[in-house]
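S.K.: the sequence and its predicted three-dimensional model are supplied below.
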Amino acid sequence: MDPTGRAGGARPAPTPDGGRSRPRRLARALLLALAAALILLGVLAEPLLVAVGHWLARPDPLPASADALVVLSGDPYGLREAEAARLWHQGLAPLVVVTGGPIAWQTVAAEVMARHLEALGVPGEAILVEGRATSTWENAAYTLPLMEAQGARQVVVVTSNYHVRRARLAFRRLYEPAGLQVAVHGAPDPGFHPDGWWREPLGREYGLLELMKLLWYLVT
């Protein structure tokens, strides 16, 4: 009996945190895990982004020779044509096909590209124009019959570096069942540097759009 006259033994002493130590330990552990995850993400983010940039831009080895160079529209700098002209002057292929549809009133991308190639020393008789395509998939679809008519078996597709992965997917899906071998070559683009593409607005735009469009290609 206690001094007040009530029966009962001694009460257990309360814990310092009022019985809430286990939830606090759990919360502390979760916070530590979150902090560790954020630190790890910060450490790994840059290598992962670099890997993505190189994955998008990785070109195929160039063949010793090809039947045609297929140059895709969509480069406002004209660097795709410049790279194709360089490869043509090296003797990689005798024919350059430019593909791209209307971009303004009475203006067709492929015709503009053909004039640029001629200014770079590629003669008009070595240039074939495909002036309907408005997408990468159409670039492949509309140039395929031209390549078949030429009896081509090996084609080098010239595009911008950030576009290599998606161009490869489109052209191989359509060309390889027809017996044409495809190598995709990327011209350097001032807006996309594989080692730091996410640091600049244009690089981020190119990289993220390519990833989204690749996903669309893969699910359709």
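M.R.: Arrived safely.
S.K.: for this structure, what spans make up the strands?
M.R.: 68-72, 96-99, 102-104, 107-108, 127-130, 154-160, 181-187 (DSSP state E).
S.K.: end to end, how far does stretch 83-95 reach?
M.R.: 14 Å (Cα to Cα, to the nearest Å).
S.K.: now do stretch 180-195
M.R.: 32 Å.
S.K.: mind listing what's buried in that stretch?
M.R.: Within stretch 180-195, the residues scored as buried using 16 or more other Cβ atoms under 10 Å are 180-187, 189, 191-194. Placement of C-beta: from N, CA and C, glycine included.
S.K.: quick one: which of the strands of the chain is nearest Glu210?
M.R.: Glu210 lies closest to strand 154-160 among those, at 10.0 Å (Cβ to Cβ).
S.K.: ok, that closest one: who's next to it in the sheet?
M.R.: strand 68-72 (parallel), strand 181-187 (parallel) (DSSP bridges).
S.K.: could you export it as PDB, CA atoms only?
M.R.: The C-alpha coordinates for strand 154-160 follow below in PDB (Å, rounded to 0.1, in the frame of the first residue of the first chain):
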ATOM      1  CA  GLN A 154      24.700   0.500 -98.400                       C
ATOM      2  CA  VAL A 155      23.500   3.900 -97.300                       C
ATOM      3  CA  VAL A 156      25.000   6.500 -94.800                       C
ATOM      4  CA  VAL A 157      22.400   8.700 -93.200                       C
ATOM      5  CA  VAL A 158      23.700  12.100 -92.200                       C
ATOM      6  CA  THR A 159      21.900  14.000 -89.400                       C
ATOM      7  CA  SER A 160      22.700  16.100 -86.300                       C
END
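S.K.: quick one, helices of the protein?
M.R.: Assigned by DSSP state H, the chain shows helices spanning 21-57, 79-89, 109-119, 136-150, 164-175, 201-219.
S.K.: list the helices and strands the third one packs on?
M.R.: Using 3 or more Cβ pairs under 8 Å, 6 or more residues apart in numbering; DSSP states H and E as the contact criterion, the secondary-structure elements in contact with helix 109-119 are helix 79-89, strand 96-99, strand 102-104, strand 127-130.
S.K.: the residue lying closest to Gln181 once chain neighbours are set aside: what's it in contact with?
M.R.: Computed as Cβ to Cβ, 6 or more residues apart in numbering, the closest residue to Gln181 that is not its neighbour in sequence is Gln154, at 4.9 Å. Contact analysis of Gln154 by Cβ atoms under 8 Å, 6 or more residues apart in numbering lists 63, 65-67, 180-181, 183.
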